[in-house]
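> this is a predicted model, with the sequence first.
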Amino acid sequence: MHASSASEPAPASGADGPDQITVSVVTPEPGTVVVTVGGEVDMLTSPQLRTALVARIGDQAAELVVVDLDGVTFLGTSGLAALIEVREAAHAAGVGLRLACTGRRVLRPLAIAGLLPMFDIHDTVDAALAPT
């Protein structure tokens, strides 16, 4: 990562509360965005996640968006739907989308829903940022 990494709160960032998720955004280098998500992604918070990620994908300068999901404590079906929508938006925009996650609370719902093959999933953010 470059020393000039910029960090900014995403529009969906919120206070710690039952109806909030945390979203932080870092730009480690031009064209690359890392979005770190924390909290419960359910029917109340999945719109926040979708909005934050689609905004990054819609950024004309974005070539790769890495979503760090290791801080997610719950991933419900509406969260899965949001990730699918974000994947489709990234594909349509020609933006790479990679997930960084090792947590069972995220990987298990993806596996149960049969969605693991749809996503480029890495163990760490660094691995997700590595050239392919």
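Sure thing, it's come through. Residues are numbered from 1 along each chain as shown.

> which stretches of the chain form helices?
Secondary structure of the chain by DSSP state H: the helices cover 46-58, 77-93, 104-112, 125-129.

> how about these, which one is nearest residue 69?
Closest approach to residue 69 among these (CB to CB): helix 104-112, 4.8 Å. All C-beta atoms are positioned from the backbone trio N, CA, C, and that covers glycine.

> what are the buried residues along the closest one?
106, 107, 109, 110 (16 or more other CB atoms under 10 Å).

> what packs against that helix?
Helix 104-112 sits against strand 64-75, helix 77-93, with contacts defined as 3 or more CB pairs under 8 Å, 6 or more residues apart in numbering; DSSP states H and E.

> so can I have TSV of the buried residues of helix 104-112 showing distance to residue 84 and pLDDT?
Below are the buried residues of helix 104-112 laid out as TSV (distance: CB to CB, whole Å; pLDDT from 0 to 100):
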residue	distance to residue 84	pLDDT
106	14	97
107	16	97
109	12	97
110	10	98
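
> now, which of these sits nearest residue 92?
residue 110 (21.1 Å).

> thought that closest one was touching residue 77?
No - with contact defined as CB atoms under 8 Å, residue 110 does not reach residue 77; the gap is 11.2 Å.

> where in this structure is pLDDT low?
Residue ranges of the chain with pLDDT under 70: 1-19.

> swap the cut-off to 80 and go again
Residue ranges of the chain with pLDDT under 80: 1-19, 132.

> at the geometric centre of the chain, which residue sits there?
Ranked by distance to the mean C-alpha position of the chain (CA atoms, centre = their mean), the top residue is residue 67 at 2.8 Å.

> any idea how far residue 82 is from that one?
11 Å (CB to CB, to the nearest Å).

> residue 97 too?
To residue 82, residue 97 is 13 Å away according to CB to CB.

> what's the answer for residue 39, then?
Separation of residue 39 from residue 82 (CB to CB): 13 Å.

> which one of the two has more residues nearby?
Per other CB atoms under 10 Å, whichever of residue 39 and residue 82 has more neighbours is residue 82, with 24 against 21.

> doesn't residue 44 make contact with that one?
No - assessed by CB under 8 Å, residue 82 is found out of contact with residue 44, at 11.7 Å.

> having no further points to raise, I will conclude here.
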